[in-house]
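Asker: Dropping a prediction and its sequence here:
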Amino acid sequence: MDRDTDTTSGLAAIDALLADVRDEVPLPGPEVRRQVREDIGLSRAQVARAVGVSASTLSGWEAGRDPAGEPRERYAYFLEQAQAKLSARTTAAGTAAAAVPSPAAATVTTTHGDDQDQDDDVLAVPQPCVLCGQMARHQVAGFPQHLDPDQCAAARPAPQPEPTPAPPPAPIRVPGPAQSSRTGGGVRQAPRGRQGVKVVAAGRRVRPADAPDPLAGRISSAVAAALTEHGGDVAEATGALVKRAIPDAMALLDQARTGGRYDVVAHPWLPDVLRKQSARGADQVWEARPKWTRPELPPGAHEVTALDINGAYLSALKTHLPLGQLEHSEGGQHDRRRAGIHLITPPDWDHDGYLPNPIGQRDEPGPLWVTEPTLRLLLRISGPKYGLCEAPVIHESWTSGATEGLLEKFRITLKDARDTAIADGDDVTLEYVKAMYSKFVSTMGESNYNRELYRTDWMHLIRSQAFANLWWKAHRAYDEGLIVVRAMGTDELHVAGDWQAVFPEGRGVTEVKVKDVYTIGTDEPAPQEGV
């Protein structure tokens, strides 16, 4: 009895569970979703705002990613209503075109009551004519229309404006701070006390130079709100801001891209070489992370300074990023207008005694997949200016049209906020900004922490750009006569010598900080044999 009761209650629980399961609303294919939005004349930002998601998320849906839950229902409703509206437009346009070949013909062929078609009805309430927009008392084929051409503005020829004499030429104004005092010669003196308006670029537009930057205001407002919410507690406010750094960075990116020349494709199809080989494994792309130590130093004592490169990932946001879906190509040619990943055979490196290998420490020989920054570094140092190695052999590539400035406004906003925070001693904003750009880079791959942007290719390119930037700093140190002792990761460079003559010290993005100072070797003479 108890067993039957347990079985019955268990089945009832399953029935209740299944009753709460909601069938997903069907959606049209990805190619239809974008076409419907564009045909109806709405921007991605407008639809995203109405559905309640970001523009990047909507871009992912249009690229093939399916939404779930309430956002899916709202998006499905939008697509259904938009398709219905487009269908109504098409039907109305086709009927009107069939019923009214041209304004003149339509108004002339329906003037006599004895010969009217049965569809020419008298309206109880006048409605706007489909030809001229003025109120009409009849309808033809279901469309309000004037039957008398004298009453329809569309059938009457438009009045021609009378010609007006051309105005005299305006006096020539000479721009610039120095104004002429002469009254002749077509030069007019600017009014006293009037100053020009200085402007700066703001997307495709300009804004007054002294006006507050709305992007920077977004960061400062978030910090002020967090401090207020936590009663001025710096540690709690910082922790809360760091936790929300990823969604805040994505929202800042969306705002920074407003009016931009290129759209951010958030969820493109990616080739297998950019996909993880296992759940906990990695993909096939080599980022060229340096982990190099000079094998031997000259005799004597050397004071070595470990330098910290500031904002390595922030600087690396300025790199050539592919805009759209990657396309496959074969052959040894490199197109500088495109960017992506490349299968290459790297050149031999004969300078490991004093400079790190540009592709990092790799033990396995043979071809490997590298990113755009690594390839461009190898091509540059193999050229006639440096001649440090042979050119790499390119076997195949996955690339797309690219631009170096895709994230530039986003980067500059974060850099300016970082610089201001350092100048003001504002550690809350500084930690918040650092979390935004570092987490943005680390989670844009196949991450559960950032579902708005799946660009594994971008993640690899930005990281390897940071490694390439560190290599160039090592080369600059060597070129200026310093001894390069070690290069690690994205931001650690150990050198011996007068480094302050080469690198400015400070906390800015173009400056370096001292992490450590230590001494290697000794000035004592070597012991003689037999003594």
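Answerer: Nice, I can see it.
Asker: Now do the domain split for the chain, please.
Answerer: 22-96, 102-145, 272-520 (automatic domain parsing).
Asker: Quickly compare those and say which is most buried.
Answerer: Using mean count of other C-beta atoms under 10 Å, the stretch among the domains of the chain with the greatest mean number of neighbours is domain 272-520 (a mean of 18). Using the backbone N, CA and C atoms, a C-beta is placed for each residue, glycine as well.
Asker: among the domains of the chain, which is nearest V234?
Answerer: Ranking the domains of the chain by distance to V234, with C-beta to C-beta as the measure, places domain 272-520 first at 5.8 Å.
Asker: ranges for the helices of this protein?
Answerer: 2-20, 30-40, 44-51, 55-63, 69-99, 103-108, 214-229, 234-243, 245-256, 312-316, 372-381, 408-424, 427-442, 456-479 (DSSP state H).
Asker: Tabulate the ones you listed in TSV, adding columns for mean pLDDT and distance to P268.
Answerer: As requested, those are exported to TSV (pLDDT from 0 to 100; distance: least, C-beta to C-beta, whole Å):
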stretch	mean pLDDT	distance to P268
helix 2-20	66	35
helix 30-40	88	11
helix 44-51	85	15
helix 55-63	80	6
helix 69-99	80	19
helix 103-108	39	48
helix 214-229	89	26
helix 234-243	95	28
helix 245-256	91	16
helix 312-316	95	21
helix 372-381	97	16
helix 408-424	93	19
helix 427-442	94	18
helix 456-479	96	8
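Asker: got CSV for these, with distance to H334 too?
Answerer: Conversion of the helices of the chain to CSV gives the following (distance: least, C-beta to C-beta, whole Å):
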stretch, distance to H334
helix 2-20, 56
helix 30-40, 31
helix 44-51, 32
helix 55-63, 27
helix 69-99, 41
helix 103-108, 59
helix 214-229, 35
helix 234-243, 40
helix 245-256, 29
helix 312-316, 20
helix 372-381, 7
helix 408-424, 23
helix 427-442, 25
helix 456-479, 15
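Asker: Nearest to Q195, out of those helices?
Answerer: With C-beta to C-beta as the yardstick, what comes closest out of the helices of the chain is helix 214-229 (24.2 Å).
Asker: buried stuff in that closest one?
Answerer: Residues of helix 214-229 classed as buried: L215, R218, I219, S220, A222, V223, A226, L227 (neighbour count, 16 or more other C-beta atoms under 10 Å).
Asker: before we move on, back to that, how about JSON lines for the domains of the chain, with distance to V197 added?
Answerer: As requested, the domains of the chain are arranged in JSON lines below (distance: least, C-beta to C-beta, whole Å):
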{"stretch": "domain 22-96", "distance to V197": "28"}
{"stretch": "domain 102-145", "distance to V197": "41"}
{"stretch": "domain 272-520", "distance to V197": "21"}
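Asker: L274: which of the helices of the chain is closest?
Answerer: Between L274 and the helices of the chain, the shortest gap by C-beta to C-beta is with helix 456-479, which sits at 4.7 Å.
Asker: now the angle between helix 427-442 and that closest one, please.
Answerer: Per axes from the mean of the first three to the mean of the last three C-alpha atoms, to 10 degrees, the angle that helix 456-479 makes with helix 427-442 is 110 degrees.
Asker: could I get helix 456-479 in CSV with only the CA atoms?
Answerer: Once non-C-alpha atoms are left out, helix 456-479 reads as follows in CSV (Å, rounded to 0.1, in the frame of the first residue of the first chain):
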residue,chain,number,x,y,z
THR,A,456,38.0,32.9,-29.9
ASP,A,457,40.0,34.3,-32.8
TRP,A,458,40.0,37.8,-31.2
MET,A,459,41.1,36.4,-27.9
HIS,A,460,44.1,34.7,-29.4
LEU,A,461,45.0,37.7,-31.5
ILE,A,462,44.8,40.2,-28.6
ARG,A,463,46.9,38.0,-26.4
SER,A,464,49.5,37.4,-29.0
GLN,A,465,49.6,41.1,-29.8
ALA,A,466,50.6,41.6,-26.1
PHE,A,467,53.3,39.1,-26.5
ALA,A,468,54.5,40.7,-29.7
ASN,A,469,54.6,44.1,-27.9
LEU,A,470,56.8,42.6,-25.2
TRP,A,471,59.1,41.2,-27.8
TRP,A,472,59.5,44.6,-29.4
LYS,A,473,60.4,46.1,-26.0
ALA,A,474,63.0,43.5,-25.5
HIS,A,475,64.4,44.3,-28.9
ARG,A,476,64.4,48.0,-28.1
ALA,A,477,66.3,47.3,-24.9
TYR,A,478,68.9,45.2,-26.8
ASP,A,479,69.2,47.9,-29.6
